[in-house]
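Engineer: from the sequence below, what's the structure:
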Amino acid sequence: MTVDLADPAPGPLRLTLPETDAAAFAMRVLEALREAGHEAFLVGGCVRDLVLGLAPKDYDIATSARPEQVSSLFPRVVEVGASFGVVCVLSAGQPPIAVEVATFRADLDYEDGRRPLGVRFVGVEQDVLRRDFTMNGLLLDLGPGAEAALTLVDLVDGIADLLAGRLRAIGDPRARFGEDALRLLRAVRFAARFGLTIEAETSAAMRELAPRLQVISRERVRMELEHMLQPASACAAIQLLADHGLHAFVLPELAAADPGLLRVVGRLQRLVDEASLDPAPSAGHVPIEDAFVASRGLPFPLALAALAHGALAASALGARFRLASDVAQAATQIDALATAFESHLTDRGLHGAAATPALLRLLRADQADAALRLLHARVPEIAAAPPTARAQIAELRRLRTATPRSRWWPPPHVDGARLQAAGFGPGPRFRLAIDAAMDAQLAGADDAACFAAALDQLGPVGGAT
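Structural biologist: Numbers count the residues shown, from 1 in each chain. Okay, here's the model as predicted:
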């Protein structure tokens with residue numbers, strides 16, 4: 001199905017509904033609502049994405065039907081927010097396709113700057129006017145008949161704003177941001193993602209109401225931050241945070257140390273741009289079985305480590321946003337490993353230092369490649385960085401991806417059982433002895449030399465504990 005859209009520029013803008021299972025199911029839900037006598041429209045982000053020529057990830061429907069009426073029409077329904085007029089219709093397949101269906105509503109007063117106290121059911125025009133930005137207030141209407149055509153309904157000049165590359169709040173931007181302060185961050189995310197300029201009045205309201213971010217839960221801020229920190233939009237998003245003073249309430253330590261976040265933006269930009277550093281295989285090269293794979297993209301832990309450098313430790317950032325333990329640990333490890341790798345950069349280059357035990361132990365860590373990417377992004381900020389720093393980092397990354405994992409963890413010459421058999425009991429230096437033996441082994445020492453390295457840590461029998 002397509003819809004013709006009058007464009008101020010010559011020629012029509014044509015929207016095509018993708019031939020996907022999700023789109024087809026959304027149309028079946030829409031048709032069922034219309035056949036039951038209810039008004040129903042595709043609404044919000046899916047319509048916006050179609051206008052922009054993007055494939056929607058999911059589909060939302062706004063309807064005059066009340067939640068109980070929607071539930072009666074479909075065999076599989078989850079009432080995700082029936083008191084607010086929202087239910088989720090599920091397809092029969094596995095995994096099921098979900099379409100959110102919401103009754104036209106107007107929000108009552110917002111008590112906490114996050115969510116309304118309740119809603120009242122209204123007509124479609126009032127439903128659109130409660131939404132955040134004009135580009136998210138567009139509707140697609142399914143006309144009558146067997147050959148039903150989609151008709152675009154634009155009650156807020158959203159198309160004109162999109163064609164002008166403009167992000168504009170619906171109605172009074174101070175009212176919209178006052179209702180839900182998270183919209184301040186959504187404005188940044190949308191503007192960065194779609195390359196839009198924030199309209200002047202909307203921008204001014206964002207600066208004025210920036211302190212309202214303090215009422216938003218850290219989890220919700222973290223979710224928006226994670227959406228922002230995508231490779232294509234991360235730098236623009238962080239810059240927009242700074243331009244509107246939002247960073248003072250999202251990343252206050254960084255705002256104090258780097259008021260314009262210029263260093264952070266530069267670091268993120270280098271992470272996004274450093275594709276040339278990736279250790280690409282040469283012609284005819286066969287990937288080594290069981291070797292480490294080079295890091296790609298901008299994983300969230302790596303982006304967090306890039307933000308955290310200097311004024312705010314990665315561990316503190318994890319605590320601030322109540323990150324899942326695995327994400328927080330990964331970000332902390334990336335930050336710490338990058339600092340450790342930095343100590344191995346020398347004016348003389350590596351010159352075989354890549355084979356030293358200390359460096360090998362760093363290289364076999366789970367987050368080593370992400371840490372090397374982060375270090376590469378930090379090089380311009382390191383006053384004492386040698387001229388060959390980038391080349392050394394690239395060499396380390398190639399070494400890591402060109403070595404089978406089994407080489408990083410050879411069967412140990414010395415383990416705990418051997419030390420106990422020799423008369424040493426577990427104690428504070430026991431782990432150090434085992435590590436010293438492995439360091440010697442990684443350096444090429446034989447069995448006797450490895451055992452001697454362990455004994456150097458333990459001292460006489462019985463003296464280790």
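
Engineer: count of residues packed around the closest residue to Gly416 other than its chain neighbours?
Structural biologist: Leaving aside its sequence neighbours, Gly416 sits nearest to Ile434 (C-beta to C-beta, 6 or more residues apart in numbering; 6.4 Å). Heads up, the C-betas are built off the backbone N, CA and C, glycines and all. Ile434 has 21 neighbouring residues, counting by other C-beta atoms under 10 Å.

Engineer: residues of the host helix or strand of Ile434 that come out buried?
Structural biologist: Following DSSP states H and E, one finds Ile434 within helix 430-442. The neighbour-count check on helix 430-442 (16 or more other C-beta atoms under 10 Å) flags 430, 433-442 as buried.

Engineer: now distance to Leu298 and pLDDT too, for those residues, in a markdown table please.
Structural biologist: What follows is the buried residues of helix 430-442, written out as a markdown table (distance: C-beta to C-beta, whole Å; pLDDT from 0 to 100):
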| residue | distance to Leu298 | pLDDT |
| --- | --- | --- |
| Phe430 | 40 | 90 |
| Ala433 | 40 | 94 |
| Ile434 | 37 | 93 |
| Asp435 | 33 | 90 |
| Ala436 | 38 | 92 |
| Ala437 | 39 | 94 |
| Met438 | 33 | 90 |
| Asp439 | 34 | 88 |
| Ala440 | 38 | 89 |
| Gln441 | 36 | 88 |
| Leu442 | 32 | 84 |
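
Engineer: and Val272, which of the three is it?
Structural biologist: helix (DSSP: H, G, I helix; E, B strand; the rest coil).

Engineer: for the chain, give me the ranges with low pLDDT.
Structural biologist: Low-confidence segments of the chain, defined by pLDDT under 70, span residues 1-15, 82, 108-119, 143-149, 275-289, 310-311, 349-355, 461-465.

Engineer: so which residues of it form strands?
Structural biologist: 2-5, 13-16, 40-43, 59-63, 77-81, 86-90, 98-103, 105-107, 119-121, 139-142, 150-153, 166-167, 197-198 (DSSP state E).

Engineer: let's have those strands in a markdown table, adding mean neighbour count.
Structural biologist: Converted to a markdown table, these look like this (neighbours: other C-beta atoms under 10 Å):
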| stretch | mean neighbour count |
| --- | --- |
| strand 2-5 | 15 |
| strand 13-16 | 15 |
| strand 40-43 | 26 |
| strand 59-63 | 24 |
| strand 77-81 | 15 |
| strand 86-90 | 20 |
| strand 98-103 | 22 |
| strand 105-107 | 16 |
| strand 119-121 | 16 |
| strand 139-142 | 20 |
| strand 150-153 | 18 |
| strand 166-167 | 22 |
| strand 197-198 | 18 |
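
Engineer: which one of those lies nearest to Arg361?
Structural biologist: When the strands of the chain are compared by C-beta to C-beta, strand 98-103 sits nearest Arg361, at 46.2 Å.

Engineer: contacts for that closest one?
Structural biologist: Contact partners of strand 98-103, identified using C-beta atoms under 8 Å, 6 or more residues apart in numbering, comprise 25-26, 29, 33, 43, 58-67, 70, 78, 80, 84-91, 121.

Engineer: ok, the residue nearest to Gly416 - contacts?
Structural biologist: Per C-beta under 8 Å, 6+ apart, neighbours of Ile434: 412, 414-416, 419, 454.

Engineer: export the strands of the chain to CSV and tack on distance to Asp366?
Structural biologist: Listed next are the strands of the chain as CSV, based on distance: least, C-beta to C-beta, whole Å:
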stretch, distance to Asp366
strand 2-5, 48
strand 13-16, 43
strand 40-43, 43
strand 59-63, 38
strand 77-81, 36
strand 86-90, 37
strand 98-103, 34
strand 105-107, 45
strand 119-121, 47
strand 139-142, 46
strand 150-153, 48
strand 166-167, 39
strand 197-198, 39
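
Engineer: among those strands, which comes closest to Leu241?
Structural biologist: Per C-beta to C-beta, nearest to Leu241 of the strands of the chain: strand 197-198, 11.9 Å.

Engineer: thought Ser315 was touching Thr332?
Structural biologist: Yes - between Ser315 and Thr332 there is a contact under C-beta atoms under 8 Å: 4.8 Å.

Engineer: more crowded one of the two?
Structural biologist: Thr332 (22 against 16).

Engineer: isn't that one right up against Ala319?
Structural biologist: No - in this structure, Thr332 is not within contact of Ala319 by C-beta under 8 Å, at 10.3 Å.

Engineer: can you map out the helices along the stretch 1-150 of the chain?
Structural biologist: Along the stretch 1-150 of the chain, counting by DSSP state H, counting those that start in this stretch, helices occupy 21-35, 45-51, 67-73, 124-129.

Engineer: among the ones you listed, which comes closest to Ile238?
Structural biologist: Per C-beta to C-beta, nearest to Ile238 of the helices of the stretch 1-150 of the chain: helix 45-51, 22.6 Å.

Engineer: to Leu184, which of the strands of the chain lies closest?
Structural biologist: It's strand 197-198; of the strands of the chain, that one is closest to Leu184 (C-beta to C-beta) at 10.7 Å.

Engineer: partners of that closest one in the sheet?
Structural biologist: strand 166-167 (parallel) (DSSP bridges).

Engineer: residue contacts, the nearest residue to Ala437 once chain neighbours are set aside?
Structural biologist: Leaving aside its sequence neighbours, Ala437 sits nearest to Val414 (C-beta to C-beta, 6+ apart; 3.6 Å). Contacts here follow C-beta under 8 Å, 6+ apart; on that basis Val414 touches 433-434, 437-438, 441, 450-451, 453-454.

Engineer: now those in CSV, with distance to Val156?
Structural biologist: Shown next, in CSV, are the contacts of Val414 (distance: C-beta to C-beta, whole Å):
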residue, distance to Val156
Ala433, 71
Ile434, 67
Ala437, 70
Met438, 65
Gln441, 69
Cys450, 73
Phe451, 77
Ala453, 73
Ala454, 73
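
Engineer: between those residues, which is nearest Asp157?
Structural biologist: For the contacts of Val414, the nearest to Asp157 is Met438 (67.1 Å; C-beta to C-beta).

Engineer: quick one, what contacts that closest one?
Structural biologist: So Met438 contacts 357, 412, 414, 450 (C-beta under 8 Å, 6+ apart).

Engineer: distance check, the second one against Leu359.
Structural biologist: Meaning Pro412. 19 Å (C-beta to C-beta, to the nearest Å).

Engineer: compare neighbour counts for those two and give me the winner.
Structural biologist: Leu359 (19 against 13).

Engineer: can you count the residues close to Ile382?
Structural biologist: 12.

Engineer: that one against Ile393, yeah?
Structural biologist: No - if you go by C-beta under 8 Å, Ile382 and Ile393 don't touch, sitting 11.4 Å apart.

Engineer: sorry, back to before: Pro211 is nearest to which of the helices of the stretch 1-150 of the chain?
Structural biologist: helix 124-129 (25.9 Å).

Engineer: for the closest one, name the packing helices and strands.
Structural biologist: strand 105-107 (3 or more C-beta pairs under 8 Å, 6 or more residues apart in numbering; DSSP states H and E).

Engineer: so which elements touch the strand it packs on?
Structural biologist: strand 119-121, helix 124-129.
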